[in-house]
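Colleague: quick one, fold the following:
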Amino acid sequence: MGCVREGSMLYEHAVLVTNMKDEILSLAQHYRDRGDAENNFDELKNQWGWLGFTTQDHARSEMMTLFVALVYNWWSLFTRLSIPNKHAEAITSRPLLLNAIGRKTSHGNQSTLN
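Modeller: Numbering: from 1, shown residues only. Here you go, the predicted structure:
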């Protein structure tokens, strides 16, 4: 992908090479979906510590892997509820959401977090 600037206009170009028979909009969505799936593994390795924890004891390694996956899932749900319109990666959402001020209001049987 490259950007070309001419005057005040900014153009971005992308080239996708495939042998799929889908429409161009479907191909672009497949490409975005694949990127979203790969971002999760990249985030787990680089920002949640899956890459750096090793030990000779398999049970301990498995326990830490499951623990990190559980916390990652909780954090993903928390950020999705806090910022529902987009996926926020941990590197940007942690400082934003761990230091945020919120107010919980309850009315009837429903609670709202602002």
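Colleague: all strands of the chain, in order?
Modeller: Along the chain, counting by DSSP state E, strands occupy 2-6, 9-13, 104-107, 110-113.
Colleague: show me what the last one is packed against.
Modeller: Using 3 or more C-beta pairs under 8 Å, 6 or more residues apart in numbering; DSSP states H and E as the contact criterion, the elements in contact with strand 110-113 are strand 104-107. Placement of C-beta: from N, CA and C, glycine included.
Colleague: equivalent analysis for the second one, please.
Modeller: With contacts taken as 3+ C-beta pairs under 8 Å, 6+ apart, strand 9-13 sits against strand 2-6.
Colleague: can you check the third one too?
Modeller: In terms of contacts (3+ C-beta pairs under 8 Å, 6+ apart), strand 104-107 is packed against strand 110-113.
Colleague: if we can go back for a sec, weakest of the strands of the chain by average pLDDT?
Modeller: Ranked by mean pLDDT, these bottom out at strand 2-6, which scores a mean of 56.
Colleague: what about residue 41, distance to residue 86?
Modeller: Distance of residue 41 to residue 86, given as C-beta to C-beta, to the nearest Å: 19 Å.
Colleague: more neighbours: the two, which one.
Modeller: Remark: of residue 41 and residue 86, residue 41 carries more neighbours, 10 against 7, as counted by other C-beta atoms under 10 Å.
Colleague: remind me which residues of this protein are low pLDDT?
Modeller: 1-8, 52-53 (pLDDT under 70).
Colleague: residue boundaries of the helices in it?
Modeller: For the chain, applying DSSP state H gives helices covering 24-47, 58-82, 90-98.
Colleague: what would these look like in JSON lines with distance to residue 11?
Modeller: Output for the helices of the chain, formatted as JSON lines (distance: least, C-beta to C-beta, whole Å):
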{"stretch": "helix 24-47", "distance to residue 11": "17"}
{"stretch": "helix 58-82", "distance to residue 11": "32"}
{"stretch": "helix 90-98", "distance to residue 11": "27"}
